[in-house]
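**Q** Turn this into a structure:
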Amino acid sequence: MKNYLVLLCLVSSTLFSQHILPLRERAQLIDEIQKERIEQLLPRLMQEENIDLWVLITREYNEDPVVKTLLPPTWLNARRRTILVFSKTKEGVDAVAITRYNFGKNIRSIWNKEEEPDQWKALGNYIKSQNPQRIGVNISEHYGLADGLVKTDYDGMMKALPSSLHNRVVSAETLAVRWIETRTPREMILFNQLVEITHNIISEAFSTVVITPGVTTTEDVVWWMREKVLALGLKTWFHPTVDVQRTGNSDLYAFDGKSKFDVILPGDLVHCDFGITYLTLNTDCQELAYVLKPEETDAPEFLKKALIQGNAVQDHLTDNFKTGRSGNETLQMAIAASKEAGLRPQIYTHPLGLYGHSAGTTFGMWDAQEGIPGSGEHPLFENTVYAIELNAKVFVSEWDKDVRIMLEEAGYYGPEGFRYVNGRQTELMLIGDKTPHLE
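**A** Numbering: from 1, shown residues only. You can find the predicted model right below:
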């Protein structure tokens, strides 16, 4: 669509004036955040998970996911074989690297290759000097993000250790998960801005700045979103989706691949799934808009009432958040409460933060409403963020069909309970809404 491409090039918006840090300032801030996490968060987590020494081993282009969360902002990858060791001390944690170089500003190198050419032997010597009772390594059955130690490196480490220390090597699964899932106060301030930026992009995408009903396709909007993010100097961690529901199609039409090529029409219920990456954090958001017909000034009452049901399922889920309660238990309580209220829920809420589909407490999957092993059994901890992702199926007599109210918003669980990071959608966005001075 040539006209659409011209529109894409010419469009400007107040969002571009929103303050997004240049790369150099981002790097400085990321360094500061990582320093705070290593010095203030990690000692507490290692103490609570009873790990005396945590060994992370990775290689360039095959990075352990935990190492990726520690990469200095001027390093896009690990270098050669990178070995990081965190040793619990009375004062906190000693963070060292068995590498040729310092690992950025926050983890110093202690390996002198000229004195000890064998990197594995240098690692073994350091571990022996610390005499840890429990040596944590990243091996995990249930979390890919906590399973970053490859067999080659595991074998290298075990060969370097005396046999007397072998039985002290344990899985650091829970420590790795809690490192990934736990947010600091400073990160939560930044998270609010991330979600605000995400909401603003969706608001612009779901407007006549981008959509000309009867002309623009759902796929056009998807690529507009990708270009918008790129123009802002940000990234997406997954390819967005935009789909429609309308009279005459099944409630699964949005999932069968056809909807992505639809021309958006007046009377459509439009849905998106969209997220960005910024300052090492990620968002994941699904929102809904209605395309006004020429004679309309508001969405139909039946769709507004359907959205209320989607919000009610959200409430039944988050009202059951409780420290120490597993994701599976919370899921079953939320589904039972929703059904008792006459709702038809489907819940698939996941951790959100350093990764989009992150590690932590998981509340169902779309095809596992009874719960899931591993991540569903993980207890809820404070200072964690979730993509509150779910849908409510609602029968709409006016369309003689079910519609799915698909919603997803970032939510924070902390010492004072649950809150949405930057609010949630409680009203449908209106595509083609008249300017306020017109009747």
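**Q** measure the residue positioned nearest the centre of the chain to D155 for me?
**A** Centroid-nearest residue in the chain, with Cα atoms, centre = their mean: G356, separated by 2.5 Å. As for G356, its distance to D155 is 32 Å (criterion: Cβ to Cβ, to the nearest Å). All C-beta spots, glycine's among them, are computed from the backbone N, C-alpha and C.
**Q** hmm, back to that, can you tell me which residues contact the residue nearest to the centre of the chain?
**A** When contacts are counted by Cβ atoms under 8 Å, 6 or more residues apart in numbering, G356 touches 237-238, 275, 277, 282, 284, 387.
**Q** Ok, T99 next?
**A** 79-83, 109, 111.
**Q** Provide the secondary structure category for the residue nearest to the centre of the chain.
**A** Put simply, G356 is coil when judged by DSSP: H, G, I helix; E, B strand; the rest coil.
**Q** Can you check the pLDDT for it?
**A** According to the prediction, G356 has pLDDT 96.
**Q** Let me know the helix or strand that the closest residue to F86 other than its chain neighbours is in.
**A** Leaving aside its sequence neighbours, F86 sits nearest to W54 (Cβ to Cβ, 6 or more residues apart in numbering; 4.4 Å). Following DSSP states H and E, one finds W54 within strand 53-59.
**Q** Over to V67?
**A** Assigned by DSSP H and E, V67 belongs to helix 65-68.
**Q** Show me what that helix is packed against.
**A** Helix 65-68 makes packing contacts with strand 53-59, helix 173-181 when contacts are defined by 3 or more Cβ pairs under 8 Å, 6 or more residues apart in numbering; DSSP states H and E.
**Q** Pull out the buried members of the contacts of T99.
**A** The neighbour count (16 or more other Cβ atoms under 10 Å) marks 81-83, 111 as buried among those.
**Q** ok, the spatially closest residue to N106 that is not a sequence neighbour to L21 distance?
**A** Take N106 and drop its neighbours on the chain: the residue closest to it by Cβ to Cβ, 6+ apart is K35, 5.0 Å away. Between K35 and L21 the distance is 17 Å, computed by Cβ to Cβ.
**Q** Show me the shaky parts of this structure.
**A** 1-18, 251, 253-260, 435-439 (pLDDT under 70).
**Q** residue farthest from the centroid of it?
**A** Distance from the centre of the chain peaks at E115, with 43.4 Å (Cα atoms, centre = their mean).
**Q** Any idea what the residue nearest to F86 is bridged to?
**A** For W54, the beta-bridge partners are F86, G136 (DSSP bridges).
**Q** ok, how many other residues are close to it?
**A** Using other Cβ atoms under 10 Å, W54 has 27 neighbouring residues.
**Q** Tell me how many other residues surround the closest residue to I201 other than its chain neighbours.
**A** Leaving aside its sequence neighbours, I201 sits nearest to K228 (Cβ to Cβ, 6+ apart; 5.6 Å). Residues within reach of K228, counting by other Cβ under 10 Å, total 22.
**Q** Is it correct that K228 is in contact with S203?
**A** No. Contact criterion Cβ atoms under 8 Å: K228 and S203 do not qualify, at 11.4 Å.
**Q** how long is stretch 373-383 end to end?
**A** One end of stretch 373-383 to the other measures 23 Å (Cα to Cα, to the nearest Å).
**Q** How about residues contacting that stretch?
**A** 141-143, 177-178, 181-184, 188, 321-328, 330-331, 359-364, 413-415.
**Q** In helices, which of these fall?
**A** Counted as lying in helices by DSSP state H, out of the contacts of stretch 373-383, are 177-178, 181, 188, 327-328, 330-331.
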